[in-house]
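>>> quick one: sequence and predicted model below, then my questions.
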Amino acid sequence: MSTYIARRLLMVIPVMLGVSVVVFLVLTITGDPTLVILGQHATAVQQEALRQSLGLNDPLWTQYGRFLWNSLHGDLGRSWLTETPVAEEVLARFPHTVELTLVAMIIATVIGVIVGIISAVRQYSWFDHMSMVGALIGVSTPIFWLGLIFISIFSMKLGWLPVAGRVDLTLGFEPKSGFYIFEAIRLHDWVALKDLVKHIIMPATALAAYSMGLVARMTRSSLLETIRQDYVRTARAKGLGERVVVIKHALKNALIPVITVIGLQFGYLLSGAVLTETIFGWPGVGSLAVNAVQNADMPLVEGCVLLISLVFVLVNLVVDLLYGFVDPRIRYS
Amino acid sequence: MRNLRQWKLVLILVVVTFLGTSLVSGCGNIGKKDLKVTMYAYTNPRPYNPVADQLAEAVAADLTKIGVQVEIKKLPWKEYRDAVSNKGEGDMAFIGWIGDNGDPDNFLYMLLDTKQVSKTANMNLANYSNKDVDKLLEDAQVLTDPKARLEKYVKAQELIVKDAPWLFISHSNDMVATRADVTGFQLHPTGWIDLNKVDKPAKNGKKILVYSRGADASSLDPAIPDDGESFKPIIQIYDGLFKYKPGTTELQPGLATSADISKDGLTYTFHLRQGVKFHDGTPFNADAVVFSIDRQLPGKAADNMAYASFTFGLVKSVEKVDNYTVKVTLSQPYTPFLANLAMGLSAPIVSPTAVKKYGKDFGVKYAVGTGPFILDKWDHGSKTIRLKKNPNYWDGAPKLDEVIIKVTDDNTVRVNELIAGNVDMIDGIAPADVARLQGDKNVTFLSGAGMNVNYMVFRTDRPPFNDPKVREAFTRAVNLDAIVKTLYKGTATRANEVMPPGFFGYAKDVKPYAYDVDLAVKLLREAGYKANKPK
């Protein structure tokens, strides 16, 4: 087991090296940044001086070496636009993305699994048909479209939920970390918590839609398969109630493939957050990345991509390891 | 047979008429050359031209209609600047300018004086040179009486428009929208957002205004940044020696009550307002003014002080005369210096005590001026700047209790926030969202020509554009009113001259050559080129 973990962790290195090469090359081939930085008063002399100081005249491999060396030391450079350290900026935004992703994950899992169970138990009922059509819509609707529809209904028409943002700024809620919901609970600030929930519910649901549909369909089909197995028939023959049979016996085994799906969805949710955050003005890494691309702020783009890739790789590793705990039949060697 | 002969006759008649008319219509072109020109255009959107190369297509289409052969060369902005400004490529080139201090010198001298023609990093891209214009512009730099200066600038613009070194296209509008219950807000041509007189109904006993924009400030130390997003909070926190009058770039007293300018134009004596205090309680006096200017002087300014050399580059020395009098000596007479002192960046007066006390944290965590609002907190993580009112403000305490300046990256999201009533005020409005804002009765939409000009230069130093007739013909051949209307959908104002309306130096009676295709054709032929009336 520990050798397996070690091997997988070592595998992270070439993957991240690959990512860094791609990110670096994209950054370099997009050209000379000096005019972006210097603005309209820039002279040729100033441009050359800046090129020197940014090391843009060095050979490509020297530049890459420097980039890699600095990255390994946690120095991702400074934003061209705001001149703040990239690492600082990206890490400040990261908790917001994590919180959004986790809430989306919870919504997707809870609703997805419940709907899946009911559909399986009442196969071919009107609920089953309706929810499977709903799941299909959820799986096939683009996030940005769903987000816009939510906003136009719940914010613009009904005025129930705020259009965008993390928290009502007039409340003066300014916790130390970016995990606002966690902080509100810790500080027992229920007014802020209520407002935070109002802000997170639309983006999280829009983000969760795809995964929710997938989890519901997966749960349904997996449970249907399990229910037909011999041991379930045995349980029923023992005279156990239907509820106990489904929840205690069948569901436990049926959920193994579902957990795989949920685990893999985490990565999807993280990357899907880019769109959701832009639409809902969510101050996370996704909207930071989109903004950085629009401003041609390359060090910042680089920082966002590196962080998201690293988290993606690590989350997949954790999911792989979790299989072993859920399904004792899986052994690592 | 007779019938046939008649038909032949008719046929001959038709042919003769056809040949005759085509000869007559084309006879203006006998012995004339084809006119071939290259037109350079950038492909990246610019603040003064969000549709980039579509503009070039539209202008070229109008020129093609009268038989000019236009070759459009499109380049991304970075390469474009190099080709057009360093290498001097192209017969015509699109470009634009964003003003710094709103003074006409910053537009006219900067972009059209002969001294600004240069082989590399050329500012006067038209290579325009008119001795009379040069004299007017250079005289205006030395004159101190605003009326006399204005006269020079109006005259200069009359000459410039007559010479037509540019195609004067448009001024991109500044656009701000507020909730309808926000009152007292007036748009200023420099983009100055003055929240001092703004009011809104109280909620839970407090008047908190939430203002949403596209990006965070880079620094709140006025000496350092050069971006508009820093300018917005800075002007709430600080005052300069002078400020702009509402709605125009004419100057009025700020922290200085008056200025005496010596006859030779070299010495400026500023009389300071008494009894003003910085937010940290220290008094505003001559020492503060000397400190604020001195740290930006040539040789002393730090590398990251973006506007120091622009604002104070000509200052030789700054001295305290007494507690409320400061003397500034320039190395050469230069009246636009006064306009520099009203700028929201570089010019505002800082608390010397605070700058010394906070060191590197000044402008990052702390900002201390004399302005209508006090910096409460700048949260860099959430990109939120919180201001609270300065009840002792010398020009009357603000009506709002607090101002929250926050960032919403996406333009459309910001508009949604305003329409849904989640925020009170937004800027950075995209053309696509204008109609939605104008149509909403809970929203007040304000727009006016901003501190910029969008234009195309003719290279006046070489054929074909060294001939004023060709320049006039081109100006008359392009239907700019229609182009500006279609391309910018009401987010830009048609330019009649160099200066945007609302600015000191704007000549309201100056108009460029009117759209007149027939005259354009005539002029081109007179200049010796082939031209046709559009079919």
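That came through fine.
>>> chain A contacts on the stretch 101-250 of chain B?
Selection of the stretch 101-250 of chain B residues close to chain A by C-beta under 8 Å from any C-beta of the partner chain yields B:120-121, B:203, B:206, B:208, B:210, B:215-216, B:218, B:226. Just so you know, the C-beta spots here come from the backbone N, C-alpha and C atoms, and that holds for glycine as well.
>>> residue nearest the middle of chain A, spatially speaking?
The residue lying closest to the centre of chain A (C-alpha atoms, centre = their mean) is A:L270, at 1.4 Å.
>>> wait, what's in contact with that one?
The neighbours of A:L270, taking C-beta atoms under 8 Å, 6 or more residues apart in numbering or on different chains as the test, are A:97, A:101, A:308, A:311-312, A:315.
>>> at 6 Å instead, please
Shown in contact with A:L270 (C-beta atoms under 6 Å, 6 or more residues apart in numbering or on different chains): A:T101.
>>> same check, this time on A:L193
For A:L193, the contacting residues are A:A184, by C-beta under 6 Å, 6+ apart.
>>> so for it, what's the pLDDT?
Turning to A:L193, the model gives it a pLDDT of 92.
>>> and what of B:G88?
Here, the pLDDT recorded for B:G88 equals 88.
>>> what about the nearest residue to B:Q186 once chain neighbours are set aside, which SS state?
Once flanking residues are discounted, B:Q186 sits nearest to B:P246: 5.6 Å by C-beta to C-beta, 6 or more residues apart in numbering or on different chains. Under DSSP: H, G, I helix; E, B strand; the rest coil, B:P246 falls in the coil class.
>>> how much space between B:P246 and B:A347?
18 Å (C-beta to C-beta, to the nearest Å).
>>> A:T141 versus the residue nearest to the centre of chain A, what's the distance?
Going from A:L270 to A:T141 by C-beta to C-beta gives 19 Å.
>>> cool, B:W378 as well?
Relative to A:T141, and taking C-beta to C-beta, B:W378 is found at 39 Å.
>>> how about the strands in the stretch 1-150 of chain B?
B:36-42, B:69-75, B:92-98 (DSSP state E, counting those that start in this stretch).
>>> what about residue 62, how many residues nearby?
Here I'm looking at chain A. By other C-beta atoms under 10 Å in any protein chain shown, 11 other residues sit near A:T62.
>>> I was thinking of chain B, sorry if that wasn't clear
Neighbourhood size, B:D62 [other C-beta under 10 Å]: 21.
>>> now B:K206
10.
>>> just grab the bridge partners of the nearest residue to B:I385 once chain neighbours are set aside for me.
Spatial nearest neighbour of B:I385, excluding adjacent residues (C-beta to C-beta, 6+ apart): B:I405 at 4.3 Å. With DSSP bridges as the criterion, B:I405 is bridged to B:Y211, B:I385.
>>> got a list of what the most centrally placed residue in chain B touches?
Against the mean C-alpha coordinate of chain B, by C-alpha atoms, centre = their mean, the closest residue is B:N452 at 1.9 Å. Going by C-beta under 6 Å, 6+ apart, B:N452 touches B:48, B:98, B:171-172.
>>> related to what we said a few turns ago, of B:W378 and A:T141, which one has the most company?
For B:W378 and A:T141, the more surrounded residue by other C-beta under 10 Å is B:W378, and the numbers stand at 20 against 16.
>>> mind listing the helices in the stretch 351-500 of chain B by residue range?
Assigned by DSSP state H, counting those that start in this stretch, the helices in the stretch 351-500 of chain B fall at B:352-358, B:411-419, B:434-438, B:468-477, B:480-488.
>>> neighbours around A:R7, how many?
Residues lying near A:R7 (other C-beta under 10 Å) number 10.
>>> pull out the buried residues from the helix or strand harbouring it.
Here A:R7 is covered by helix A:2-29, with elements defined by DSSP states H and E. Using 16 or more other C-beta atoms under 10 Å in any protein chain shown as the test for burial, helix A:2-29 gives A:8, A:19-20, A:23-24, A:27.
>>> the residues you listed also near chain B: which ones?
Applying C-beta under 6 Å from any C-beta of the partner chain to the buried residues of helix A:2-29, one finds that nothing falls near chain B.
>>> if I pick the residue nearest to B:I385, what's in contact with it?
Here B:I405 is in contact with B:211, B:233, B:385 (C-beta under 6 Å, 6+ apart).
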